[in-house]
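**Q** Next comes the sequence, and after it the predicted model I'd like to discuss.
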Amino acid sequence: MAASLEERLTELEVRLSFVDDTIVALSDTVAAHDRQLHALRNALDALRIELQAVRGTLGQAAQDEPPPPHY
């Protein structure tokens with residue numbers, strides 16, 4: 001026997017509710033990943049700047065030191 005129109009409508013409403021919940025959860029997950037990606041990009045940029053400073057310091061120190069004696 002076919003389900004009544006009201007039963008079908010209720011089933012669709014329940015399914016839509018689950019779909020809405022899933023969309024909200026996925027949206028929250030994407031937003032959290034976006035924030036994390038932004039933080040990681042900022043950290044990477046800071047590390048690049050720090051590495052360039054260290055390379056500059058090491059390069060300057062190498063120019064200031066006399067070469068080691070050869071045996």
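**A** Ah, there it is. Numbers count the residues shown, from 1 in each chain.
**Q** Can you tell me which residue is spatially central in the protein?
**A** By Cα atoms, centre = their mean, the chain has its centre lying nearest to L37, at 2.5 Å.
**Q** In terms of helices and strands, where is that one?
**A** Element membership for L37, per DSSP states H and E: helix 5-64.
**Q** pLDDT of that helix, averaged?
**A** Mean per-residue pLDDT for helix 5-64: 94.
**Q** can you give me the offset of that helix from its chain's centre?
**A** Helix 5-64 sits 3 Å away from the centroid of its parent chain (Cα atoms, centre = their mean, to the nearest Å).
**Q** Counting by contacts, list what that helix packs against.
**A** Of the remaining helices and strands, none touches helix 5-64 by 3 or more Cβ pairs under 8 Å, 6 or more residues apart in numbering; DSSP states H and E. Just so you know, the C-beta spots here come from the backbone N, C-alpha and C atoms, and that holds for glycine as well.
**Q** quick one on the thing from earlier: tell me the spacing between the residue nearest to the centre of the chain and S27.
**A** 15 Å (Cβ to Cβ, to the nearest Å).
**Q** For H70, which three-state class applies?
**A** coil (DSSP: H, G, I helix; E, B strand; the rest coil).
**Q** and it, how many residues sit next to it?
**A** H70 has 4 neighbours, counted by other Cβ atoms under 10 Å.
**Q** Check T22 too.
**A** 10.
**Q** okay, now A2: neighbour count?
**A** 6.
**Q** Three-state assignment for it, please.
**A** A2 - assigned by three-state DSSP - is coil.
**Q** May I see the buried residues of stretch 34-51?
**A** Buried residues in stretch 34-51, counting neighbours by 16 or more other Cβ atoms under 10 Å, are absent.
**Q** mind saving the C-alpha coords of it as CSV?
**A** Once non-C-alpha atoms are left out, stretch 34-51 reads as follows in CSV (Å, rounded to 0.1, in the frame of the first residue of the first chain):
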residue,chain,number,x,y,z
ASP,A,34,40.1,28.3,6.4
ARG,A,35,41.1,29.9,9.7
GLN,A,36,43.7,27.2,10.2
LEU,A,37,45.0,27.6,6.7
HIS,A,38,45.3,31.3,7.2
ALA,A,39,47.2,30.8,10.5
LEU,A,40,49.5,28.4,8.8
ARG,A,41,50.2,30.8,5.9
ASN,A,42,51.0,33.5,8.4
ALA,A,43,53.4,31.2,10.3
LEU,A,44,55.1,30.1,7.1
ASP,A,45,55.6,33.8,6.1
ALA,A,46,57.1,34.5,9.5
LEU,A,47,59.4,31.5,9.2
ARG,A,48,60.5,32.7,5.7
ILE,A,49,61.4,36.1,7.1
GLU,A,50,63.3,34.6,10.1
LEU,A,51,65.2,32.3,7.7
